[in-house]
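K.L.:
Quick one, fold the following:
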Amino acid sequence: MTCLNQASVVLAALGASFDGSVVVGYSLTPSGEDSQAFIWDAANGIVDLGRLPGKTHSVALDVSAGGGTVTGTSYTPDSGSEAFLWTESGGMVGLGALAGHEASSALGISADGVVVVGASIDTDMAITEAFRWTSVDGMQGLGTLTGSSDGSDAVAVSADGSTIVGNSSSTNGYQAFRWTEAGGMVGLGDLPGGQYSSRAAAVSGDGSIVIGYGTTSNPNSVEEAFIWDETNGMRRVADALADLGVDLTGWTLRYAKGISDDGNVIGGWEVNPDGQEQAWIANLAPTPATPTATTSSTARTTSSGPPTSTTTRPTIHSVHPQTATSTTTGSSTVSITLSGRRTSTANRPPACRSRRVPQLLVVAICLCGARF
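P.N.:
Numbering: from 1, shown residues only. Next up, the predicted model:
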């Protein structure tokens, strides 16, 4: 892990380019009174992106796959926010708001940097509408689900910009949606049990898989992580892993927050059997087991005889280490790794949202002098 921090500020890294060479986020003064968007790479270090005219704060939330285009929000606590697009040649440019609205917030960008998504906020700062922005078409509202009246927001976009996911009110309750130009906004439903409520957080590169969280009847958690695709609909990530032979007894996968470009790897945070919050990463694509003499995370090696195809036991790295098990089914190995406690987000500006991280690169929040 490379710490991007400086002694005088608190830094939060919120997005990364596809290969991880470019990181974006915001810097926060120790007093917590001022934030400014930044971009980082190994050659130039941390470069402040500035703020929009008349604004006092800025936050970079996402970056294109190549790292050349950044999107985020610049705001003043008392007078609203405006989505922005930043490039090295053009600097920071405001994207405006929908007609009849006075504020906006950008939450995601396509891999090529052409499409920006987010939410536009009305003049009363009470109702939001999801938007899609391009330099050709400007900002376009995506509407809300049929019968809704309380607004919507777009939180992530597929690599080519054709599929957008977010959340909207509906006749049933607040729920995740998937938007395409051909099909418009389509609600994804909810998990069984509990209050009707689901929230999308990220989408795969081709737009076919959506992850997030919804309410269930689980007595140990109000919310549980979900995965959605057209074939299976919305289901718990825990159920998808159970179908692949992973034993999660005692674990509750509460939130799914990030997904790899190919849709196979999902990450989020959960509650372990001791009631502690931890991060988790799950691979839903079984990979062929390879001949090996290692049979567990303790690297126990056989002293003689031919190697056999086995499964390495995933480990959980936390204050109180625990163990989850993986299963070899036929010639494939399915694994889940749960590691670390969830980082505090107490100092995160209100404009920040969870979003897709390319290749599920883990972008850590690095706090000078603060405890995780």
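
K.L.:
Low-confidence ranges, the stretch 151-300 of the chain, go.
P.N.:
Of all residues in the stretch 151-300 of the chain, those with pLDDT under 70 make up the ranges 220-221, 286-300.

K.L.:
quick one, helices of it?
P.N.:
Applying DSSP state H, counting those that start in this stretch to the stretch 151-300 of the chain gives helices spanning 237-243.

K.L.:
And for stretch 226-243, what's in contact with it?
P.N.:
Residues outside stretch 226-243 that contact it (CB atoms under 8 Å, 6 or more residues apart in numbering): 176, 178, 188-191, 198, 208-214, 216, 224-225, 248, 251-253, 256, 266, 268, 282, 284, 334, 336. No exception for glycine: its C-beta is placed from N, CA and C like everyone else's.

K.L.:
Now do the end-to-end distance for that stretch.
P.N.:
This stretch, stretch 226-243, spans 14 Å end to end (CA to CA, to the nearest Å).

K.L.:
next one: it to chain centre, how far?
P.N.:
In this view, stretch 226-243 has its centroid 17 Å away from the chain centroid, taken as CA atoms, centre = their mean, to the nearest Å.

K.L.:
Stretch 77-94 too?
P.N.:
Computed by CA atoms, centre = their mean, the chain-centroid distance of stretch 77-94 equals 21 Å.

K.L.:
Could I get the buried residue list for that stretch?
P.N.:
Residues Gly80, Ser81, Glu82, Ala83, Phe84, Leu85, Trp86, Met92 are the ones in stretch 77-94 that count as buried (16 or more other CB atoms under 10 Å).

K.L.:
Specify which member of these is nearest to Gln276.
P.N.:
Closest approach to Gln276 among the buried residues of stretch 77-94 (CB to CB): Ser81, at 34.3 Å.

K.L.:
any idea which helix or strand comes after whichever helix or strand that closest one is part of?
P.N.:
Following DSSP states H and E, one finds Ser81 within strand 80-87. Counting by DSSP H and E, the element after strand 80-87 in chain order, helix or strand, is strand 91-94.

K.L.:
what element comes up after that following strand heading to the C-terminus?
P.N.:
Downstream of strand 91-94, the first helix or strand assigned by DSSP H and E is strand 101-109.

K.L.:
Tally up the residues packed near the closest residue to Gly173 other than its chain neighbours, please.
P.N.:
Leaving aside its sequence neighbours, Gly173 sits nearest to Tyr196 (CB to CB, 6 or more residues apart in numbering; 3.6 Å). By the criterion of other CB atoms under 10 Å, Tyr196 has 15 neighbours.

K.L.:
Make sure Ile39 is indeed in a strand.
P.N.:
Yes. Under DSSP: H, G, I helix; E, B strand; the rest coil, Ile39 sits within a strand.

K.L.:
check contacts around it.
P.N.:
Ile39 touches Val22, Val23, Val24, Ile46, Val47, Leu49, Ala60, Val63, Gly67, Val70, Trp86, counting by CB under 8 Å, 6+ apart.
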